[in-house]
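Chemist: predicted model follows, preceded by the sequence.
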Amino acid sequence: MTTLNARVTHTVPFARVDAGEAEAQAAADVIRGGWLTTSSRCAEFETAFAGRVDAEHAVAMNSCTAALHLALEALGVGPGDVVVTTPYAFAASAEVLRYLGAVPLFVDVDPSTFNIDCDLLAAALERLEQGDRRVLPPAYRNRVKPRPAKAILPVHIGGVPCDLDRIYKLAAAHGVAVVEDAAHAFPAALGARPVGSTTDASVRSATCFSFYATKTLTTGEGGMLVTDDAALAARARQMSLHGLDRDAWARHRGSEPWKYDIAAPGYKYNLTDIAAAIGLVQLGRADTMTARRAEITRRYDEHFGALEPLQIPHVPVGVTPSWHLYMLRIRPSEVSIHRDRFIEALASRGVATSVHFIPLHLHSYYRQSLGYRPADLPVATDEWEREISLPIYSAMTDDDLAHVCAAVTDVATRFARGM
Ligand SMILES: Cc1ncc(COP(=O)(O)O)c(C=O)c1O
């Protein structure tokens, strides 16, 4: 019997942050400057980021989760509202709906990209409008009266943009808002349009990015809400700082009166200037970092594209991903071991991997609260079982890359059926 294990000659972590002296210097400058939290660096970062994604307003926050929460809040999503999204996402993507008492309606994903299946989205919006309760999550079918969706929450998985033209067309036709989960999607584009820019000005919308440690641009923890909707941006900004009518920096500096009013019970979601200073340096390096991830993708595609046991990621025509993830799939009909054993075999060869994602409807909370069964969302249920995310980050060396290529090829050929 073929053994899973191999002698480890080199180890490659799943992720490694690409930040160095320039980021350290920028953070140190803020620390020496006498004010560590939200002020001028955040404002600069917001302006630079908005310019980069071609948006009118940007609100820096301490996570993408916070940005998603406040985008939905600003759009008036509340108790009992139905928001159409997919189960192929991270915990954050749907938990923010639960914060607001909204109901996530999961539609399945397109097997080629893991992004929302727009035919299923169209059908769900239509059926909600017709009051068809069978489209609701099973646990809600007899509990709430069906009503038209309030919003669509598409997730650009791995940084491959969803079909935004189609999504916004549907949103406009049904009069619903769109909140894009672009945690993975900086910088990504559809044609010449960056993710974060407006697709259809008649639809109220916002796009939310993540600057978590493993992301394509990092501030350690951080996020950004961008939009062309001035009212939405203003509400999100206010709610990110306790719902106060003026921020602490302005009050301490003495440029504004010391008095403030609590206009709403807000949250503490602001980004620090230390993080923003790091973000500004990272933004300046974004093109170089993206080019390296694109190169890694090209090399992986070259190596694995011809191997029968493996299926390489699909990128739709006209789309430029951020190359945040390399979502390889194994073909169970061609490989004699399960995905989990494939992962173990790679680990024993020094290659750390991850899986994106365990679909939300398979987790105990969503099983219990929404009542979905695995078979209700068959594409997500089947596809995640064969997915393996390989290391891909700009700090990856050529030796790391060669090692991953050799290890994956070794496991795929050693455990190919018929070998
Ligand atoms: C798809 C998706 N959405 C949202 C988030 C939340 O991002 P953050 O950690 O910045 O809150 C993540 C984080 O990994 C994610 O993968």
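Modeler: Yep, it's here.
Chemist: show me the domain layout of the chain.
Modeler: What automatic domain parsing lists as the domains of the chain is 21-284, 286-353+391-414.
Chemist: give me the distance from the first one to the chain's centre.
Modeler: Going back to what we said before, that points to domain 21-284. When distances are taken as Cα atoms, centre = their mean, to the nearest Å, domain 21-284 is centred 10 Å away from the chain's centroid.
Chemist: could you do the shortest one as well?
Modeler: A distance of 19 Å separates the C-alpha centroid of domain 286-353+391-414 from that of its chain, computed with Cα atoms, centre = their mean.
Chemist: which residue packs closest to Thr207, ignoring adjacent ones?
Modeler: Glu180 (4.2 Å; Cβ to Cβ, 6 or more residues apart in numbering). For every residue, glycine as well, the C-beta is placed using N, CA and C.
Chemist: any idea of the mean pLDDT in the helix or strand harbouring that neighbour?
Modeler: Following DSSP states H and E, one finds Glu180 within strand 177-181. Mean pLDDT, computed over strand 177-181, is 98.
Chemist: show me the contact partners of that strand.
Modeler: 64, 68, 71-72, 75, 77, 89, 92-93, 150-156, 162, 164, 167-168, 171, 195, 203-208 (Cβ atoms under 8 Å, 6 or more residues apart in numbering).
Chemist: ok so, going back, winner for burial among the domains of the chain?
Modeler: Comparing those by mean neighbour count (mean count of other Cβ atoms under 10 Å), domain 21-284 ranks first with a mean of 20.
Chemist: and that domain, how far apart are its ends?
Modeler: One end of domain 21-284 sits 14 Å from the other (Cα to Cα, to the nearest Å).
Chemist: quick one: is that domain near the ligand?
Modeler: Yes: for domain 21-284 and the ligand, the contact criterion (Cβ under 6 Å from any ligand atom) is met by 63-65, 89-90, 92-93, 155, 181, 183-184, 210, 212, 223.
Chemist: state which helix of the chain is the longest.
Modeler: What stands out as the longest helix in the chain, according to DSSP state H, is helix 286-304.
Chemist: residues in contact with the helix or strand just after it?
Modeler: The helix or strand immediately downstream of helix 286-304 is strand 310-311, counting by DSSP H and E. Strand 310-311 is contacted by residues Phe304, Leu328, Arg329, Ile330, Arg331, Arg386, Val408, Ala412 when judged by Cβ under 8 Å, 6+ apart.
Chemist: what about strand 310-311, average pLDDT?
Modeler: Rounded mean pLDDT across strand 310-311 is 98.
Chemist: direction included, what does it pair up with?
Modeler: Sheet pairing for strand 310-311, assigned by DSSP bridges, gives strand 326-330 (antiparallel).
Chemist: convert the partner strand to CSV, retaining C-alpha atoms only.
Modeler: Only the C-alpha atoms of strand 326-330 are listed here, as CSV (Å, rounded to 0.1, in the frame of the first residue of the first chain):
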residue,chain,number,x,y,z
TYR,A,326,-5.8,29.0,-5.3
MET,A,327,-8.8,26.7,-5.0
LEU,A,328,-7.7,23.4,-6.4
ARG,A,329,-10.1,20.5,-6.6
ILE,A,330,-9.4,16.8,-6.6
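Chemist: adding distance to Pro359, write the domains of the chain out as CSV.
Modeler: Formatted as CSV, the domains of the chain follow (distance: least, Cβ to Cβ, whole Å):
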stretch, distance to Pro359
domain 21-284, 4
domain 286-353+391-414, 14
